[in-house]
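Undergrad: compute the structure for the input listed below.
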Amino acid sequence: MKVKIKGAENFVAKTDELQLESSSTISRYTELLLAIACGMAVANVYFAHPLLDSIASEFIIEPSTIGIVITITQICYALGLLLLVPLGDLLNQRRVIIGQMLMLVVALVVVGISPTSIVFFIGIAVVGLLATVTQTLVAFASTLAVPAERGRVLGFVTSGLVIGILLARTFAGIIADLGGWRSVYLVSAVLILILAVLLHKELPGTVHKRSSLSYPKLLHSVLMLFVQERILVIRGILALLIFTVFSTFWTSLVLPLSSPPYSFSHTAIGAFGLAGVSGALAAARAGRLADRGLGQLTTGVALVLLMLSWFFINFISYSIVVLVIGIILLDLAVQAVHVTNQSMILTVQPEAGSRLTAAYMFFYSIGSATGSIVSTNIYANYGWEAVCLFGVSVSALALVFWMATYRLAKEIRQK
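TA: Reported below is the predicted structural model:
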């Protein structure tokens, strides 16, 4: 005889849910490996920043237009976000990650041995396209984490991404001084290959139900997210603005530092990325604050700091110490907003994590491409003070936009 206890079925169901969530808890080693892989993959997009003068000299490109190297990479990065990252919701994420990293290795070798500017630009474009594997890694980390820790995990993994962007300049500067700019991409190819092997051993198979959509419909669903999810558009526009500021500073920084009175080497210029790392590490806590419902407050404080950072950055001709303070504040602010954005967005449709990441990061690419090409042109024609004026203006625009959408964003989050 079977005895049916009232509420037992609900208890069992809830217990199963808890077990399912706990089984998806990400280990510390996996977190660290994902963070390193994110940083190393995205670094390939930014290696060219401290190398722009050397690349321009070898391929005879005008200094006022050398920023196009970064712009091409970012445009192709944007295409990769729309065409490749959504595959994480359709195919086995582990296979997508490993396959994309192996193809990235080939592209890096092409850049490293490119005999002409045409081959170089083709190679760097493909690198931008394939470097989007970093976003598939972020989406995968979100899938592995339990909901209560998603913000913290995203904060940690995204910190690896931002630190990769910053240390890309340090890494590129040191390697370029030792073996020339080409060696930067060849060494990176070896490191990406090693990471691909480690990820192949560590990452689990599919951990969530994959979409049954066809690839064309999957891409269409990415576009529909812009219509369906207003929080995505709001936080995406903030991403566009903050990464316009971020790219404006880091793309143009090499120009005054490589000229008199400083005339710094690639290694010295790249070392400034170390200052940004401290800011990025400090901002990793933004994910925890988002988990506690303090994402909007974190965003407002960070945007004020972003504006303030340009006051210090403007003194580049007078004090390197003051410049470093500005760098720390700028990277702290950008990272805090970025982590908060992702924490808010990836909770709306957990099953569409790769597509949401792709849609959000599309705004990032537009901002990065805009900042890189605009800043080099502004510096060539009007100097560093004009670059700072542009940077603080975009920072102010981001703050005004956040204030204008504060109530709407709060209402959306409460639904």
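
Undergrad: use CA for all of it now, contacts and neighbours both
TA: OK.

Undergrad: for Gly300, list the residues it contacts.
TA: Applying CA atoms under 8 Å, 6 or more residues apart in numbering to Gly300 gives the contacts Leu399, Trp402, Met403.

Undergrad: which among these end up buried?
TA: With neighbours counted by 16 or more other CA atoms under 10 Å, these contain buried members at Leu399, Trp402.

Undergrad: ok, the contacts of Gly300 vs Leu186, which is closest?
TA: In terms of CA to CA, no member of the contacts of Gly300 lies closer to Leu186 than Leu399, at 40.6 Å.

Undergrad: check which helix or strand the residue nearest to that closest one when sequence neighbours are not counted maps to.
TA: Using CA to CA, 6 or more residues apart in numbering and skipping the chain neighbours, the partner closest in space to Leu399 is Leu303 (5.7 Å). Using DSSP states H and E, the secondary-structure element containing Leu303 is helix 295-313.

Undergrad: send me that helix as PDB with only the CA atoms.
TA: Written as PDB, here are the backbone C-alpha positions of helix 295-313 (Å, rounded to 0.1, in the frame of the first residue of the first chain):
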ATOM      1  CA  GLY A 295      23.600  47.500  -9.600                       C
ATOM      2  CA  GLN A 296      22.100  50.900 -10.300                       C
ATOM      3  CA  LEU A 297      23.900  52.600  -7.500                       C
ATOM      4  CA  THR A 298      27.200  51.000  -8.500                       C
ATOM      5  CA  THR A 299      26.600  52.300 -12.100                       C
ATOM      6  CA  GLY A 300      26.000  55.900 -11.000                       C
ATOM      7  CA  VAL A 301      29.100  56.000  -8.700                       C
ATOM      8  CA  ALA A 302      31.200  54.400 -11.400                       C
ATOM      9  CA  LEU A 303      30.100  56.900 -14.100                       C
ATOM     10  CA  VAL A 304      31.000  59.900 -11.800                       C
ATOM     11  CA  LEU A 305      34.500  58.400 -11.300                       C
ATOM     12  CA  LEU A 306      34.800  57.900 -15.100                       C
ATOM     13  CA  MET A 307      34.200  61.700 -15.600                       C
ATOM     14  CA  LEU A 308      36.700  62.500 -12.800                       C
ATOM     15  CA  SER A 309      39.400  60.300 -14.300                       C
ATOM     16  CA  TRP A 310      39.800  62.600 -17.200                       C
ATOM     17  CA  PHE A 311      40.800  65.500 -14.900                       C
ATOM     18  CA  PHE A 312      43.900  63.500 -13.900                       C
ATOM     19  CA  ILE A 313      44.500  62.100 -17.400                       C
END
